[in-house]
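> kindly return the folded structure for what I paste below:
(2 chains)
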Amino acid sequence: MLGAQAISERLRRQDLDFAITPILSPDQIKGSSVDLRLGPDLIVTKRETGALAFDPARSEEMRERLGDYQTYVRRPLGSSFYLHPGDFAIARSLEYVTLPASLSGQATGRSSWGRLGLVIATATLIQPKFRGTITLELANIGTVPLVLHVGVRIAQLTLDEVVEYD
Amino acid sequence: MVKDIFHSRHRVVDKGKDGYLSRPALTQGAKVSTQSQLEIEWLRLLVERRLQGSAQRISELQQRAEDRDDQAGVNLLLRMLALMVSQTQNLTERKLRGAVKADGRKRRRELDTVRSALIQLEIALNGTCTTLVAPPERDVTALIQPFVRLAKSLTGHEGTELIFESGEHFEYEVWADAFEEIRDGVETVAPSLEFGVDELPPFALVTYPGRADSETLLHAVIAHEVVHVGLVRKREEGDAQVGEAFISRFRHYVKSEAAADDETRASRLESWLNECLADSLALRIVGPAYFFALLEYLLPTHISDAAGSRVDESHPPPAWRVDRLCPDAESFFGDRKGRRGEAAETFERFLQLVPTPPRSPTETEIEDQRLLEEMIGTIDLDRLAGKATYPIDRFRRDLPLVWDKLEQGIAPVERVKGRRVPGRPAEDKAPALAGDPDPDLPETDWSQTLDWRSILNGGYLHYLHKVLTPPGPAGAVIASEFREKANSLVRGSIELSELHRRMIELREEFQVLGPVEKGR
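Next up, the predicted model:
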């Protein structure tokens, strides 16, 4: 796993195809991770009153119904979004990440948020050569609503060296 | 938030239990017959219903605008409309009370005033609210704040706002004074507010083709519309070079040069002068991306080889518009070292796409062009562009950086300080690295925000380079996918650079937003 200094050094090298951008201050790279901020785009799940279930065996139908079940929301920088207990939302990191073939990453939640009931889970492994923003699955398993401001440090990215790569 | 002034001031018509107008309401202080009173009270009810509906509509639109990137402009417009509704409310109440006490012709006059006020309000609401029901779509939002900043710089007025509308026509248009109908309305409903309304900041509505929402590169054309907002403001201020006096001299000059006192020609050339100025200034404030986008916009539908094509009274011949911008666009490209050399070659390849004028111009056309260029030559374009100017030095310095990042699939968002380029040719090093900080751009200890225009220009040139350099993309589908990716990467990068800029401005607030330093 890379430490803060190793991450900073690699981010300053132009020949590595490695970027996490934009970074607001060097303070965002600490210990052995880079803080990720909440981006302005969210997909929130609607609460359905009718019976609704997703059956992976019927993937076509599931895809069609996803649109009915989810809503795209865009919140400007500095504005907030309420994640109520039991709610689930798909967000993305504000930072755009480019990983070289020699690095893989893992996006995990910050324990400070975890203690409040926010779980950032599931697809955490970021493969080498990844390009794009990191998808964050947010779930509030606590008992009080959480106010998430766009731009807040919400997750952290750790980086590992890939021993053998193309 | 628009204050709900309507409920507090709203006068509820006194109704009987069954909902009919009650007798006491009709007879209070009355001088006129019961039948006429009934008419007046009936009108009062209808007017109040209509005003209530208008207030409710404004409130709904305000709620809908909460997440819009042009929210500041929308709120300004809605506040003015709300004020107009409340003034109409005051006026109609006063006039209806007057009508109850008056008789004959005076009563008719009072009632006519009520109707005129309502008509003016309807015109203002129709003209402005309809622009708010087609908000900008997702992909154009990244460009809203950058263009609003340019508009503020061009007008020299910090309060300047733009709102964006997604249109069904494949046209870019601007309504440079979106308060126009409100101004006209205020004259009728509240003359006392006229002074205040005249002091309102410049406020414009920009319409772009909704079908081209994701065509971020093409949207460089919006710069032309934004320049119009600045020119209107300068004209209102009586600017020595674009104000009324100048235009009047220009018309006089055109007429004196013509064989006959040709009013139509003078009007046409006045419009053309305005458009040529907008083109030249758009290039200055956005860079060569405007030139590329203008040709891409005009080529499919506006530039025709057909001889004797109709003269457009509002815009100069498209091929000429593009042609006359070539030297200014070329001036952005300096030395041909490193990436800048590749960019200059790409520009030359692009020039081959610029069509030659489709037919031999007539003597009048040659003369028109001469007159226009002569007039434009007397105008100090640098002064008019002012702080909105995109410095050529910045273009040259940022180009290799943006190009390199795009080549690596990295979103060009910020200039990371102290970035090392092992093994790079020396000529590209200085401009590509941190270099001297740009005093006009926000920075942190880690990096400096990239100018969105550098991203747009670098992205456009990088895309054109890939497409125009042999062998280029194989097949139309791949070319189309490539275009989509270029648009998407440029759009995302501009959006992130804007977030970076805003986060730096709100740095203190964001320290509060990320307070947990221990126990991650």
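> so which helix or strand of chain A has the lowest pLDDT on average?
helix A:59-69 (a mean of 74; mean pLDDT, DSSP states H and E).
> can that helix be found next to chain B?
No - shown here: helix A:59-69 not in contact with chain B (CB under 8 Å from any CB of the partner chain), separated by at least 15.4 Å. Using the backbone N, CA and C atoms, a C-beta is placed for each residue, glycine as well.
> surely B:Gly230 and B:Leu154 touch.
Yes - contact criterion CB atoms under 8 Å: B:Gly230 and B:Leu154 qualify, at 2.9 Å.
> okay, and the common contacts of those two?
B:281, B:384, B:388 (CB atoms under 8 Å, 6 or more residues apart in numbering or on different chains).
> in helices, which of those appear?
B:281, B:384 (DSSP state H).
> let me have the shared contacts of B:Gly230 and B:Leu154 in a markdown table, extended by neighbour count and distance to chain A.
Compiled in a markdown table, the shared contacts of B:Gly230 and B:Leu154 are given as follows (neighbours: other CB atoms under 10 Å in any protein chain shown; distance: CB to the nearest CB, whole Å):
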| residue | neighbour count | distance to chain A |
| --- | --- | --- |
| B:Leu281 | 27 | 29 |
| B:Leu384 | 22 | 32 |
| B:Ala388 | 22 | 23 |
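> for chain B, just list every one of the strands.
In chain B, the strands defined using DSSP state E lie at B:161-167, B:173-175, B:203-209, B:414-416, B:447-449.
> give the contact list for the residue lying closest to B:Arg44 once chain neighbours are set aside.
Once flanking residues are discounted, B:Arg44 sits nearest to B:Leu96: 5.0 Å by CB to CB, 6 or more residues apart in numbering or on different chains. By CB under 8 Å, 6+ apart, the contact list for B:Leu96 reads B:40, B:43-44, B:47, B:110-111, B:114.
> now those as JSON lines including neighbour count?
Shown next, in JSON lines, are the contacts of B:Leu96 (neighbours: other CB atoms under 10 Å in any protein chain shown):
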{"residue": "B:Ile40", "neighbour count": "22"}
{"residue": "B:Leu43", "neighbour count": "17"}
{"residue": "B:Arg44", "neighbour count": "22"}
{"residue": "B:Val47", "neighbour count": "20"}
{"residue": "B:Glu110", "neighbour count": "20"}
{"residue": "B:Leu111", "neighbour count": "20"}
{"residue": "B:Val114", "neighbour count": "22"}
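> and the residues you listed, which of them are in helices?
In this view, the contacts of B:Leu96 that belong to helices under DSSP H are B:40, B:43-44, B:47, B:110-111, B:114.
> ok, so of these, who is nearest A:Leu116?
Distance to A:Leu116 across those (CB to CB) is lowest for B:Val47, with 53.1 Å.
> which SS class is A:Gln156?
strand (DSSP: H, G, I helix; E, B strand; the rest coil).
> A:Arg10 versus that one, what's the distance?
17 Å (CB to CB, to the nearest Å).
> and what of B:Val322?
45 Å.
> between the two, who's got more neighbours?
Remark: of B:Val322 and A:Arg10, B:Val322 carries more neighbours, 23 against 18, as counted by other CB atoms under 10 Å in any protein chain shown.
> now for that one: which residues touch it?
Going by CB under 8 Å, 6+ apart, B:Val322 touches B:291, B:294-295, B:298, B:303, B:354-355.
> out of these, which one has the lowest pLDDT?
Across the contacts of B:Val322, the member with the lowest pLDDT is B:Ile303, scoring 63.
> for ChimeraX, write the selection for the buried entries among the contacts of B:Val322.
To isolate the buried ones among those in ChimeraX, judged by 16 or more other CB atoms under 10 Å in any protein chain shown, type:
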select /B:291,294,295,298,303,354
